[in-house]
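predicted structure and sequence below. I'll ask about it afterward.
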Amino acid sequence: MSAFGATRTAALGPLEPARVRQNAAKSGHSTRAATEETFSMAWVRDVNSLYNFIGYVVLRAPDQFPREDYLRDDEQLTLDKAFEELRAGVRLVQADFPERQLSGELQFILDESLALYRSGERVAAAHRLQDFSTAIFDE
């Protein structure tokens, strides 16, 4: 078990609309601007949420992401947006563990997984995402 084992049950999901509205009101920004600012990292906020998001993508990719009623059509999670989130997670891993130098390897695994999903190889793509998770969490 990795050092993250105790926190793997953290809640998974984007920031709630009410919290986005509250934060926007406090900061003086519009709700739409706050939603746009937080969407790119709404799912992956830290290394622990990255672990949960990887599992979510394995279960939902490439085209089974649920529609979130509080997001516009162009904000809905898609395969490409999911992989953007995973790439953002790589940056968080590198920032949290600079001595591990994993960024290149993790980006390569993500590139392979995305290519496999796009070519219809769901099982192989999911296995590469599991390799991605293993490279981060089972060291």
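Now that the structure is in, tell me what you want to look at. Numbering: from 1, shown residues only.

tell me where this structure has helices.
Assigned by DSSP state H, the helices in the chain fall at 17-27, 31-39, 47-60, 79-96, 103-118, 122-137.

format these as a markdown table; extra columns: distance to residue 71 and mean pLDDT.
No exception for glycine: its C-beta is placed from N, CA and C like everyone else's. Putting these into a markdown table (distance: least, CB to CB, whole Å; pLDDT from 0 to 100) gives the following:
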| stretch | distance to residue 71 | mean pLDDT |
| --- | --- | --- |
| helix 17-27 | 9 | 40 |
| helix 31-39 | 8 | 40 |
| helix 47-60 | 15 | 96 |
| helix 79-96 | 10 | 95 |
| helix 103-118 | 21 | 97 |
| helix 122-137 | 23 | 97 |
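
which one of the ones you listed lies nearest to residue 67?
Minimum separation from residue 67 across those (CB to CB) falls at helix 47-60, 11.7 Å.

just put the helices of the chain in a markdown table and tack on mean neighbour count.
As requested, those are arranged in a markdown table below (neighbours: other CB atoms under 10 Å):
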| stretch | mean neighbour count |
| --- | --- |
| helix 17-27 | 14 |
| helix 31-39 | 16 |
| helix 47-60 | 19 |
| helix 79-96 | 17 |
| helix 103-118 | 17 |
| helix 122-137 | 18 |
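
next up, the contacts around the residue nearest to residue 89 when sequence neighbours are not counted.
Residue nearest to residue 89 in three dimensions, not counting chain neighbours: residue 50, with 3.8 Å by CB to CB, 6 or more residues apart in numbering. By CB atoms under 8 Å, 6 or more residues apart in numbering, the residues touching residue 50 are 44, 86, 89, 92, 93, 136.

mind putting the helices of the chain in TSV, distance to residue 69 included?
Shown next, in TSV, are these (distance: least, CB to CB, whole Å):
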stretch	distance to residue 69
helix 17-27	9
helix 31-39	13
helix 47-60	17
helix 79-96	17
helix 103-118	25
helix 122-137	27
